[in-house]
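K.L.:
sequence and computational prediction follow.
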Amino acid sequence: MNPTSTVKRPMHRPAVLMRLVCGLLALLAGCTAAPPAPEKKPAPYRVEGRWYHPVTDAKGFRQRGDASWYGKKFHGRKTSSGEIYDMYAMTAAHKTLPLGTYVAVTNLDNQRRTTVRINDRGPFVRGRIIDLSYQAAREIDMLGPGTAPVEITALGVAPDSQNEPPTEFEPIDYYTGNFTFQVGAFKNQSNARKLKQQLEKKYRNVHLTTYHLDGDVFYRVRVGRATSLEQAGEYEKILIRHGFKDVFIVAE
């Protein structure tokens, strides 16, 4: 699964397309139709404008894009998994991979490679696919540049979480779960609530999440729900057409 700018959007059969549209109507207007069931063979999906081609074996999940890193500013803060962020541990943040997933990260500029465990959500910047800890970024020599083009390969979860670094992994399903869509983020809670109230007139599952940084609280506005990355990709496409240009998929 190596996405490039030349990858074309796959064509869906009318019946499949109708199920996806009806699922979106359930998200937007409250119709009672059930969302489409995931296909036996995972279909291509799009995250932040890029198309990815899943393979049948979940162990083969691959993704290319830009990596960034975070250090002292977040050291000692709680991550999405509930763990305390340690900038010297081999961890990372990803928007959709299950927390606890081990991922091999290759710096495409120098071919240096390392393995990290996903314990946080992010990075919430379009075009970036993974946020590495300070130590992980150091391992692949990207501290200076700050970002680097990478390829990530999901390895699975470790059978024995006490074994660091693990030597074997158990594959898991990376393509189904609960996904939602972030359409805005505000430092002013009033602005976030105003957008939430506007969205509630048309969309379902509109909710706010909070994020704390340096004593400040940021309010993220999220909407909708999908049960597969294929369905989420279709929803994201329509939300972009509705004017939410900065929308992106987040795993709940």
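P.N.:
Ah, there it is. These numbers were taken from a predicted model, which means no experiment stands behind them.
K.L.:
now do the closest residue to residue 174 other than its chain neighbours against residue 250, distance only.
P.N.:
In this structure, residue 174 finds its nearest non-sequential neighbour in residue 61, 4.7 Å apart by Cβ to Cβ, 6 or more residues apart in numbering. Just so you know, the C-beta spots here come from the backbone N, C-alpha and C atoms, and that holds for glycine as well. Distance of residue 61 to residue 250, given as Cβ to Cβ, to the nearest Å: 17 Å.
K.L.:
quick one: residues contacting residue 165.
P.N.:
Shown in contact with residue 165 (Cβ atoms under 8 Å, 6 or more residues apart in numbering): 90, 115.
K.L.:
pLDDT at it, what is it?
P.N.:
According to the prediction, residue 165 has pLDDT 70.
K.L.:
more neighbours, residue 61 and residue 250?
P.N.:
Remark: of residue 61 and residue 250, residue 61 carries more neighbours, 25 against 20, as counted by other Cβ atoms under 10 Å.
K.L.:
please tell me how far that one sits from residue 100.
P.N.:
Counting by Cβ to Cβ - residue 61 and residue 100 are separated by 14 Å.
K.L.:
one more: residue 68?
P.N.:
From residue 68 to residue 100 the distance is 21 Å (Cβ to Cβ).
K.L.:
remind me which residues of the protein are low pLDDT?
P.N.:
1-60, 160-164 (pLDDT under 70).
K.L.:
domains in it, as residue ranges please.
P.N.:
Annotated domains of the chain cover 14-38+175-251, 55-156 [automatic domain parsing].
K.L.:
ok, and for the lengthiest strand in the chain, which residues are buried?
P.N.:
In the chain, assigned by DSSP state E, the strand with the most residues is strand 216-228. For strand 216-228, the neighbour count (16 or more other Cβ atoms under 10 Å) marks 218, 219, 220, 221, 222, 223, 224, 225, 226, 227, 228 as buried.
K.L.:
name the residues linked to the last one by a beta bridge.
P.N.:
Think residue 228. In this entry, residue 228 is beta-bridged to residue 176, by DSSP bridges.
K.L.:
what does the fourth one give?
P.N.:
According to DSSP bridges, the residues that bridge with residue 221 are residue 184, residue 208.
K.L.:
pretty sure it contacts residue 186?
P.N.:
Yes. Look at residue 221 against residue 186 with Cβ atoms under 8 Å: they come within range, at 7.3 Å.
K.L.:
mutual contacts of the two, please.
P.N.:
Both residue 221 and residue 186 are contacted by 192, 195, under the criterion Cβ under 8 Å, 6+ apart.
K.L.:
for whichever strand or helix holds residue 197, name the packing helices and strands.
P.N.:
If you go by DSSP states H and E, residue 197 is part of helix 189-200. If you count contacts as 3 or more Cβ pairs under 8 Å, 6 or more residues apart in numbering; DSSP states H and E, helix 189-200 packs onto strand 176-186, strand 207-213, strand 216-228.
K.L.:
can you give me the strands in the stretch 1-150 of the chain?
P.N.:
45-47, 50-52, 62-70, 91-93, 102-107, 113-120, 128-133, 147-156 (DSSP state E, counting those that start in this stretch).
K.L.:
same list (those) but as JSON lines, adding mean neighbour count.
P.N.:
Output for the strands of the stretch 1-150 of the chain, formatted as JSON lines (neighbours: other Cβ atoms under 10 Å):
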{"stretch": "strand 45-47", "mean neighbour count": "21"}
{"stretch": "strand 50-52", "mean neighbour count": "19"}
{"stretch": "strand 62-70", "mean neighbour count": "20"}
{"stretch": "strand 91-93", "mean neighbour count": "26"}
{"stretch": "strand 102-107", "mean neighbour count": "20"}
{"stretch": "strand 113-120", "mean neighbour count": "22"}
{"stretch": "strand 128-133", "mean neighbour count": "24"}
{"stretch": "strand 147-156", "mean neighbour count": "20"}
